[in-house]
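Q: let me see the structure of the following:
(chains A and B)
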Number of protein chains: 2
Amino acid sequence: MSLGVIGYSQRMARWEPDALGRLAVAALELFSERGYDETTVAEIAERAGLTKRTFFRYFADKREVLFMDGGGEFQRVIIEAVGAAPASASPLEAVAAGLEATGAFFEGRREFAIKRHNVIAANPELQERERMKLASLAEGIAEALRARGVTEPAATLAGEAGTSVFHVAFARWVSPDGGGDLVALIRESLGELRNVAA
Amino acid sequence: MSLGVIGYSQRMARWEPDALGRLAVAALELFSERGYDETTVAEIAERAGLTKRTFFRYFADKREVLFMDGGGEFQRVIIEAVGAAPASASPLEAVAAGLEATGAFFEGRREFAIKRHNVIAANPELQERERMKLASLAEGIAEALRARGVTEPAATLAGEAGTSVFHVAFARWVSPDGGGDLVALIRESLGELRNVAA
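A: Residues are numbered from 1 along each chain as shown, chains lettered A, B, ... in the order given. Below you'll find the model as predicted:
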């Protein structure tokens, strides 16, 4: 018990203001400059003016910098908004409400998102991890729809279609001639899906 | 040159009738009985009445037994049928033609498909490989649609939606109360997608 308390105060003493943010920015800069595989944790810590030990207090490894929320916060934002959609909303309308909630989540984060997108696009192993995250999002949305009483296979199809819509809109948002309003791009993609399926 | 010829005739001498099929059936049996991780290549070869060397003539490793065509033949069947759809077909109609072409491909293979499905469902690493295969299928369909003059993001959305439709239909086909006509299930799923997006 007392050992635990000592451990805690030691951790507090080494706490650095916004160490997480500084490490994330330093990592993205280095991944962009030299490539993901060529960057070490020691280099990330050095660029951030912190130690490797501090790095490992926040991240299990350098990959975790790119998948920080581990599908956590981002996915939760979407799924809560799906659940909070009016009872009268159709499955796809509820999914749309979920996807549009990401607008606030990504507010002010486009530059970071572009760097992250480009690092992932250059690395098959990271693409695989990103695909898994999207598959988990599709399943999470389907689960939220089933909780709203949507039956199968509609729930799975709407979850996967919604994830595709988000994926397409996000890729346009981070593209060189993209930007602007992510929510507007999501609505456009959703309209395209409706056209395709009509 | 002459060495090549000797190598060739040696391979011919060791050729076994339907060794590939026997190895695949033996592997699926063992994966189902003891689990994928618990099965060795030596055991698969023994069950098939063949040698480990023969196994490695056909497969790089035991995982390749489950992903034999490596997205090759299966994906080619779909993509060729997308390309061969009438010029008047909408993007989703062309995708539907592609998916329906899998009916002939899976003819007589349901028992194998069920075993394969269950082995993959029990193993996260294999699920990841399967997801990558589906992502590659979605991209292949989108490419075939772009070759038909379909623009973005419609091509990507139709490729991903078509892959979801296939995934859902296939899961129903291999489920315990499934079976019957895979093509009919694909058409039903496609109808569900249309309903969801309407």
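
Q: mind listing what residue A:154 touches?
A: Residue A:154 sits next to A:91, A:145, B:192, B:195-196 when contact means C-beta atoms under 8 Å, 6 or more residues apart in numbering or on different chains. Any C-beta I mention is one placed from the backbone N, CA and C, and that applies to glycine too.

Q: so which of those is the closest to residue B:62?
A: residue B:192 (35.9 Å; C-beta to C-beta).

Q: surely the closest one touches residue A:157?
A: Yes - here residue B:192 reaches residue A:157: they are 5.7 Å apart, a contact under C-beta atoms under 8 Å.

Q: what residues are shared contacts of these two?
A: Shared contacts of residue B:192 and residue A:157, defined by C-beta under 8 Å, 6+ apart, comprise residue B:168.

Q: select only the buried ones of the contacts of residue A:154 in ChimeraX?
A: Listed next is the ChimeraX selection for buried residues among those, using 16 or more other C-beta atoms under 10 Å in any protein chain shown:
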select /A:91,145 /B:192,196
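
Q: tell me the residues on chain A that lie near chain B, please.
A: A:91-92, A:128, A:131-132, A:135, A:153-154, A:156-158, A:160-161, A:164-165, A:167-168, A:172, A:189, A:192-198 (C-beta under 8 Å from any C-beta of the partner chain).

Q: the residue nearest the centre of chain A and chain B: what is the separation?
A: The centroid of chain A falls nearest to residue A:74 when counting by C-alpha atoms, centre = their mean (5.2 Å). Counting by C-beta to the nearest C-beta, to the nearest Å, the gap from residue A:74 to chain B is 19 Å.

Q: what about the helix or strand harbouring that residue, distance to the chain center?
A: Taking DSSP states H and E as the definition, residue A:74 sits inside helix A:73-84. From the chain centre to the centre of helix A:73-84 is a distance of 12 Å (C-alpha atoms, centre = their mean, to the nearest Å).

Q: which parts of chain A belong to which domain?
A: A:2-64, A:73-197 (automatic domain parsing).

Q: just those domains: most buried one?
A: domain A:73-197 (a mean of 18; mean count of other C-beta atoms under 10 Å in any protein chain shown).

Q: got the end-to-end distance for that one?
A: From its first residue to its last, domain A:73-197 covers 31 Å (C-alpha to C-alpha, to the nearest Å).

Q: show me what the longest helix along chain A is packed up against.
A: Looking across chain A with DSSP state H, the single longest helix is helix A:124-147. Helices and strands touching helix A:124-147, by 3 or more C-beta pairs under 8 Å, 6 or more residues apart in numbering or on different chains; DSSP states H and E, are helix A:63-66, helix A:73-84, helix A:91-100, helix A:110-121, helix A:154-173, helix B:124-147.

Q: how far out from the middle of the chain is that helix?
A: 11 Å.

Q: and the angle for it with helix A:110-121?
A: Orientation of helix A:124-147 against helix A:110-121 (axes from the mean of the first three to the mean of the last three C-alpha atoms, to 10 degrees) gives an angle of 110 degrees.

Q: what does helix A:124-147 rub up against?
A: By C-beta under 8 Å, 6+ apart, helix A:124-147 touches A:36, A:63, A:66-67, A:71, A:74-75, A:78-79, A:82-83, A:91, A:94-95, A:98, A:119-121, A:152, A:154-156, A:158-160, A:162-163, A:166-167, B:128, B:131-132, B:135.

Q: redo the domains of chain A as JSON lines? Include mean pLDDT.
A: JSON lines is the format used below for those (pLDDT from 0 to 100):
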{"stretch": "domain A:2-64", "mean pLDDT": "80"}
{"stretch": "domain A:73-197", "mean pLDDT": "92"}
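
Q: is it true that residue A:32 touches residue A:116?
A: No - in this structure residue A:32 lies outside contact range of residue A:116 using C-beta under 8 Å: 9.3 Å.

Q: what sits against residue A:171?
A: By C-beta under 8 Å, 6+ apart, the contact set of residue A:171 is residue A:117.

Q: now it: how far from residue B:27?
A: Applying C-beta to C-beta, to the nearest Å, the value for residue A:171 to residue B:27 is 38 Å.

Q: thanks again, I'm all set now.
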